[in-house]
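A.B. asks: quick one, structure for this:
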Amino acid sequence: MLIALPGTPGESVDWLGILLRDGPETVRNDILGASAFIPTNDEIGTAEAAKDQASELHEINSTYPLPQHLNSLKLEYRYARGGRVMMHLEKKDKETSQKEWVPFATPFGLTARLRYADQDDAYGLRCVVQDMDGNRRDLDFDRERFARMAAADIRAALFRAGLRTEFGGEHTVVDILKATAPEREIVVVSRPGWHRILGYRDPIFVTPESEILGAAPNVNLELTIPARLPPVVARAGTLDAWKEAIATAMSVTDCPHWTLGSIGGFAGPLASLAGLDTFGVNFSGMTSAGKTFAQEMAASAWSSPNQQSKGLLQSAGLSANGIEAAAARANGTILALDDLGKLDPRLLSRMIDTATSGAGKQRLRPDGTPIERATWETFIMLSSELSLEEIISGGVDRGKWLGGMAVRITDIDVTDVNRAVPRKTLQAIEHIHHNYGLAGPTFIRAIIASGLHRRPVELREMVFKSARDLAGETADSAKIRAALPLALLHQAGVLAQQFGLIPQKEDAVAGAVRWAWNKFQKSSDAEVLDPEEQVTSNLQTWVAERWDVAIKKVDARDGVNNRDAFGWYDEKAVYIPKSRLYEAAGKALKRTQVANILNERSLLVKKQDADRFTTDYVPKVGKVTAYALDIKTFGRLEHPFEVIRGDSRND
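C.D. replies: Numbering: from 1, shown residues only. The predicted structure is shown next:
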């Protein structure tokens, strides 16, 4: 590079002055005689730094676009002290009245506005934030949150993502987010699974990774970022390796629960597509029987089966609100919860009610309008060492075990399965920990290719037919409903075989389902399906626990202290006060239903008349409205050491 400077050293003159003073020839000669410019190292470093800064600012502006169309704020990215790029706000100095650029936050921006298709088209925003390592992080939040506690949860989310501010800059950030209206719009849904989107005839499936299945490539639809599984959790390895591991699991002798686990990940999409209630199964029995392994197989169809990876298999230690979030996150896939025994029985009872209800609590805004409820349709796979009935009904803090729980969650006792599987076989199955998240989307693609997603009524009838076949020709509606979880697994397995995802082994799926149904019928959980037997058993237990303590003999030698009495007995009857019959029967049925059962089974020895099943007087006690239960059925044996063998009694 050559540089020509006018005049002589120390002289202040420009080329025009030289031209006027010395003429054009001098100007020409001086320019042609220019000396070479050799910059110093400092000058080179300064120039390169300026170039690098310009490049970084350009990249920052591109990655974290400045909010546009703001009426009252002028923003710009500039370098702050310490060489860090920050968003600056132009402000007027109160003392000097001069304008200056004040840094207030590290780079952030808005890339799109969101429209929630599953929340009445409510609006949201997609925000990008530079985290503390200089990387980009994307955040989604709905605009309604600006009005809650001065947007405290939005500010918390921004700080969690790595935003840094100076001198209350977070409030300026919130003001900017409120005012900005990005031109680009993205239609989003807040949960995975099947969705019906306005303008599309067929249902569309959204995977936990936000892959859109069943829609044209140009469909502008995504799963909202908070609901997505991270890529490393959502998918890994190959489908062929997963299929090989599952085939190994299904080939193990006397481990039918692993076959149920292998097909469990395909049941949720069918339940959601057919519009069925949320229900599932519980693997119960001794530890080290492969219960959690079966759950891992089910979860591996959609995500990492590792509980620590925050995939679709989780520990059961969830709160009531936590189960709502977990169920919505598992919509259309699989909700797998391990080790129910760590839960309080009453909490477990509420958790099952919530999970199988398909909807969260109805909450209200401050103005009284309802907030959109979390909803889900999925399949539940649980595990515990005890059956659900034993966990909920047992212990000091017992919960309430109802018939609705038994028909929604089928208990399968796995105590007698093969517990001596060779280590080499287990290692082959454990390949699901490195190959996961591929079978579920493949199953959905096959459903769409077959057109079954357009025939939900046909699919629903297939499931109910399987339930009727499983329950038997003479089964009542309660028994058929109890068979639905296994019927759904059966249909999922049949389709998975047709789609080539699991081996076409004859009777593998049907055999595992029949085994599970037989196990359920023998379990204590199934007793609730026979309300007459359940009422009788509950009353017998209640009376026996209180005999001669709270249920007292009417002619006790030391008199009867009725203050602490729950009931009385004489040589013919056990008298249960009318107000206590519901409790004594286990709170499983209404008092009037319990009374009807007792009357129909001729278990009442006294009553006022044919229509009133109570007696209004207890001998030697007084006027008490009570039910007089037959002491032969509900009382204690006459001789304390009497032995019963079969139907005969021997002293």
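A.B. asks: residue 195 reaches residue 189, doesn't it?
C.D. replies: Yes: at 5.3 Å, residue 195 counts as touching residue 189 under the criterion of C-beta atoms under 8 Å. In short, each C-beta sits where N, CA and C put it, glycine included.
A.B. asks: overlap in contacts, these two.
C.D. replies: Jointly contacting residue 195 and residue 189 under the rule C-beta atoms under 8 Å, 6 or more residues apart in numbering are 117-118, 206.
A.B. asks: so what's residue 143 up against?
C.D. replies: Under the criterion of C-beta under 8 Å, 6+ apart, the neighbours of residue 143 are 122-125.
A.B. asks: narrow these to those that are buried.
C.D. replies: Buried by 16 or more other C-beta atoms under 10 Å: 124-125, out of the contacts of residue 143.
A.B. asks: closest one to residue 59 out of the contacts of residue 143, please.
C.D. replies: residue 125 (22.5 Å; C-beta to C-beta).
A.B. asks: am I right that that closest one is in a strand?
C.D. replies: Yes: using DSSP: H, G, I helix; E, B strand; the rest coil, the assignment for residue 125 is a strand.
A.B. asks: which residues touch it?
C.D. replies: So residue 125 contacts 110, 112-114, 140-141, 143, 177, 180, 182 (C-beta under 8 Å, 6+ apart).
A.B. asks: show me how to select, in PyMOL, the buried members of these.
C.D. replies: Only the buried entries of those go into this PyMOL selection, using 16+ other C-beta under 10 Å:
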select buried, resi 110+112+113+114+140+141+177+180+182
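A.B. asks: which pair in the contacts of residue 125 spans the largest distance?
C.D. replies: The widest separation within those (C-beta to C-beta) is 14.8 Å, between 140 and 180.
A.B. asks: element containing the spatially most central residue of the chain?
C.D. replies: By C-alpha atoms, centre = their mean, the chain has its centre lying nearest to residue 326, at 1.7 Å. Element membership for residue 326 (DSSP states H and E) is helix 320-329.
A.B. asks: which element follows that helix toward the C-terminus?
C.D. replies: strand 335-338.
A.B. asks: residues making contact with that following strand?
C.D. replies: Here strand 335-338 has contacts from 264, 268, 280, 291-292, 295, 298-299, 307, 312-316, 318, 326-327, 355, 376, 378-383, using C-beta under 8 Å, 6+ apart.
A.B. asks: hmm, which of those are the buried ones?
C.D. replies: Buried members of the contacts of strand 335-338, scored by 16+ other C-beta under 10 Å, are 264, 268, 280, 291-292, 295, 298-299, 307, 312-314, 316, 318, 326-327, 355, 376, 378-383.
A.B. asks: you'd agree residue 237 is up against residue 433?
C.D. replies: No: between residue 237 and residue 433 no contact is recorded; they are 9.1 Å apart, counting by C-beta under 8 Å.
A.B. asks: what is the burial count for the residue lying closest to residue 479 once chain neighbours are set aside?
C.D. replies: Once flanking residues are discounted, residue 479 sits nearest to residue 471: 4.7 Å by C-beta to C-beta, 6 or more residues apart in numbering. Neighbour count for residue 471, taken as other C-beta atoms under 10 Å: 22.
A.B. asks: ok, the one 10 residues further on next?
C.D. replies: A count of nearby residues for residue 481, using other C-beta under 10 Å, gives 22.
A.B. asks: I'd like the distance from the strand or helix carrying it to the chain centre, please.
C.D. replies: Element membership of residue 481, judged by DSSP H and E, is helix 477-482. With C-alpha atoms, centre = their mean, to the nearest Å as the basis, helix 477-482 stands 27 Å off its chain's centre.
A.B. asks: in it, which residues are buried?
C.D. replies: 478-482.
A.B. asks: tabulate those (JSON lines), appending pLDDT and distance to residue 170.
C.D. replies: Formatted as JSON lines, the buried residues of helix 477-482 follow (pLDDT from 0 to 100; distance: C-beta to C-beta, whole Å):
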{"residue": "478", "pLDDT": "82", "distance to residue 170": "57"}
{"residue": "479", "pLDDT": "86", "distance to residue 170": "59"}
{"residue": "480", "pLDDT": "89", "distance to residue 170": "58"}
{"residue": "481", "pLDDT": "89", "distance to residue 170": "53"}
{"residue": "482", "pLDDT": "89", "distance to residue 170": "54"}
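A.B. asks: nearest to residue 462 among those residues?
C.D. replies: residue 480 (14.3 Å).
A.B. asks: in the stretch 551-651 of the chain, where is pLDDT below threshold?
C.D. replies: Low-confidence segments of the stretch 551-651 of the chain, defined by pLDDT under 70, span residues 556-561, 637-651.
A.B. asks: who's in contact with residue 121?
C.D. replies: Residue 121 neighbours (C-beta under 8 Å, 6+ apart): residue 115.
A.B. asks: roughly how far does it sit from residue 197?
C.D. replies: Note on residue 121: its distance to residue 197, by C-beta to C-beta, to the nearest Å, is 11 Å.
A.B. asks: which SS class is residue 60?
C.D. replies: Assigned with three-state DSSP, residue 60 falls in the helix class.
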